[in-house]
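K.L.:
predicted coordinates and the sequence they were generated for:
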Amino acid sequence: MKYSAVSQADQDRVEEEERRLQWIPSFRKPLFYLSLVCLWIVVFFAPLLAEHYDFITAKSHASIPSYSHLATHCASVSSIPASEFQQRQQTLAEMLHALNASAYIAEPGASALYYGNISGSAWHLSERPLLLLVTPEIARPSEGAAEVRPKISVLTPAFEATRAKLLPVPAEQVSYPEWPEDVNPYEVAVSAISSLVPEGKIYVDGAIRHFIVDGLQKAAPKARVLNAPVEIRELRERKSQRELEIMKCANEVTVLAIRAVRARLFEGIRESEASGYMHDALAAAGLQDLFYLVLFGENAALPHGSGTDRILGKHDFVLIDCGGSLHSYQSDVTRTFLLDDSSVNDEKMALWNTIKAAQAYALQTARAGVLTRVVDQAARDVISEGANVQYFTHRLGHGIGLEGHESPYLVGGSNDIIQIGHTFSDEPGIYIEGKVGVRLEDCFYINNDGEAVYLTQGVGGPARNPWSP
Ligand SMILES: *[C@@H]1O[C@H](CO)[C@@H](O)[C@H](O)[C@H]1NC(C)=O
Ligand SMILES: *[C@@H]1O[C@H](CO)[C@@H](O)[C@H](O)[C@H]1NC(C)=O
């Protein structure tokens, strides 16, 4: 009240001044310009004052929750320590040795982050390769069996060497082979692979760019440069206890953020405004790399959004698909829900219940040793009982970890086998264009007993009903 009264009074005063100035002689013109400036200031600050005013009333309103509880939820979860990075390097070196491979090479990105803490944001890709190389070295102590140790190298453009050495690579020792601008970087890389036998194998990460594979192959014509096989991919796919602790918290706090946003929504709100709330809640939760998709009613029939900015009606589902990263591990949660005083017809409610049943049945089906495609089919079987399976247009789920979507996938046609430590999204959906869209998504992991457990279990797991997401 206070603020709007002041700004109104100011405005009145300025307007009166203006009227007066219209009739006064020209020698008082400076005053006229001064009042114009005042008017401009009032107009400029009025929205800010209004926002401040809103904020104050919102705070005094007990029914509107703040996001402060989200900030503390993951405060005690720590990032991956150096010792775990070194364990990963050791395991990789032993696997390379067992597979008779001479090296593993990755560009900055999820795999280089996993083994060497070099993310794609810590070092942006350019035409100049910077590569993480892990080679197995055989140490032969005077007595006892031969021992495999990882040798970590970071191939760096020579003029960027100082910056490359600042990358926090957690290893006992790191070497930095440099390539000057006029030297072939791949020859420098190949000469850094001390264990390379003429017809050896060099494994590369699946996300490496083709010109780098090409360059390596030309620099080592007798060696074979190959995509890293499943034995190596599995090392990153299967999560450790520490990784799971981070992922549980990231997914839990994402659910809490959706629930906190739901409490603030109202009939008539726009999708864009609700998206803003979602951004604020995820940011308050301390997550990074945020994404949030908010769709109302029939807009939710397009799984990745519609481009309109719809208003929420009394008989609309709200679909929110969102997440972010905690210590580089991604979360991904979708809820389709109703506000406390809204409802949908029986047909739409039946769709919601079918999706809930499909999600639950998929989780029951998933366990260590089962083919990933069997779990996808389980969800499809439940949906086809309601004869709606043609509207379930995408795969059931994706692996998740340092990447939002990573291998393996819960998808028809896949021969991948579910293993202990695997993490997947379980996200059946139904999309009837122009009408309705429902998707429910919780990620789960396979525990040491081989059973599937939701990463969101700590905050109650999946949605119970449309009013209790
Ligand atoms: C990994 O890198 C991040 C910055 O990108 C740094 O904050 C963190 O301390 C590093 N971790 C280790 C174990 O060195
Ligand atoms: C590795 O090489 C050894 C002998 O050189 C061979 O006995 C073994 O089968 C090879 N292992 C693989 C996985 O290729």
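P.N.:
In hand now; what should we look at? Ligands and ions are numbered 1, 2, ... in the order given.
K.L.:
C-alpha from now on. contacts and neighbour counts both.
P.N.:
Fine.
K.L.:
get me the contact residues on the protein for ligand 1.
P.N.:
Residues of the chain found near ligand 1 (C-alpha under 6 Å from any ligand atom) are 81-82, 117, 122, 168-170.
K.L.:
just the strands from the stretch 51-200 of the chain, written as ranges.
P.N.:
101-106, 131-139, 147-157, 174-175, 178-179 (DSSP state E, counting those that start in this stretch).
K.L.:
and those strands, which is most packed in?
P.N.:
Among these, strand 101-106 has the highest mean neighbour count (mean count of other C-alpha atoms under 10 Å), at a mean of 25.
K.L.:
now it: mean pLDDT?
P.N.:
Averaged over strand 101-106, pLDDT sits at 97.
K.L.:
now stretch 242-259
P.N.:
Mean predicted confidence for stretch 242-259 is 98.
K.L.:
what's next to it, contact-wise?
P.N.:
Contact with stretch 242-259 is made by 67, 70, 73-74, 77-80, 278, 281-282, 285, 287, 320, 322-327, 329-333, 335, 401, 443, 445, 455-459, 469, as judged by C-alpha atoms under 8 Å, 6 or more residues apart in numbering.
K.L.:
okay, it in CSV with CA atoms only?
P.N.:
The C-alpha trace of stretch 242-259 is given here as CSV (Å, rounded to 0.1, in the frame of the first residue of the first chain):
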residue,chain,number,x,y,z
ARG,A,242,28.6,-42.1,-3.9
GLU,A,243,27.2,-41.4,-7.3
LEU,A,244,23.8,-42.9,-6.3
GLU,A,245,23.8,-40.7,-3.1
ILE,A,246,24.2,-37.6,-5.3
MET,A,247,21.6,-38.8,-7.8
LYS,A,248,19.1,-39.6,-5.1
CYS,A,249,19.3,-36.2,-3.6
ALA,A,250,19.2,-34.4,-7.0
ASN,A,251,16.0,-36.3,-8.0
GLU,A,252,14.4,-35.9,-4.6
VAL,A,253,14.9,-32.2,-4.5
THR,A,254,13.5,-31.9,-8.0
VAL,A,255,10.3,-33.6,-6.8
LEU,A,256,10.2,-31.2,-3.9
ALA,A,257,10.6,-28.3,-6.2
ILE,A,258,7.6,-29.4,-8.4
ARG,A,259,5.5,-29.8,-5.3
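K.L.:
how about that stretch: buried residues?
P.N.:
Residues of stretch 242-259 classed as buried by neighbour count (16 or more other C-alpha atoms under 10 Å): 243-259.
K.L.:
about what we covered before: can you tell me which of the contacts of stretch 242-259 are buried?
P.N.:
Using 16+ other C-alpha under 10 Å, the buried members of these are 67, 70, 73-74, 77, 278, 281-282, 285, 287, 320, 322-327, 329-333, 335, 401, 443, 445, 455-456, 469.
K.L.:
narrow these to those in strands?
P.N.:
320, 322-326, 329-330, 333, 335, 443, 445 (DSSP state E).
K.L.:
and which of those residues is nearest residue 180?
P.N.:
Nearest to residue 180 among those is residue 329, at 35.0 Å by C-alpha to C-alpha.
K.L.:
what about that closest one, distance to ligand 1?
P.N.:
As judged by C-alpha to the nearest ligand atom, to the nearest Å, residue 329 and ligand 1 stand 13 Å apart.
K.L.:
that residue - nearest residue in space that isn't next to it in sequence?
P.N.:
Distances taken as C-alpha to C-alpha, 6 or more residues apart in numbering place residue 402 nearest to residue 329, at 4.7 Å, with adjacent residues excluded.
K.L.:
and for that neighbour, the neighbour number?
P.N.:
Applying other C-alpha atoms under 10 Å, we find 24 residues neighbouring residue 402.
K.L.:
and the gap between it and residue 67?
P.N.:
26 Å (C-alpha to C-alpha, to the nearest Å).
K.L.:
got the contact list for the residue lying closest to residue 79 once chain neighbours are set aside?
P.N.:
Closest residue to residue 79 apart from its sequence neighbours, by C-alpha to C-alpha, 6+ apart: residue 327 at 5.4 Å. Contacts for residue 327 (C-alpha under 8 Å, 6+ apart) come out as 78-80, 246.
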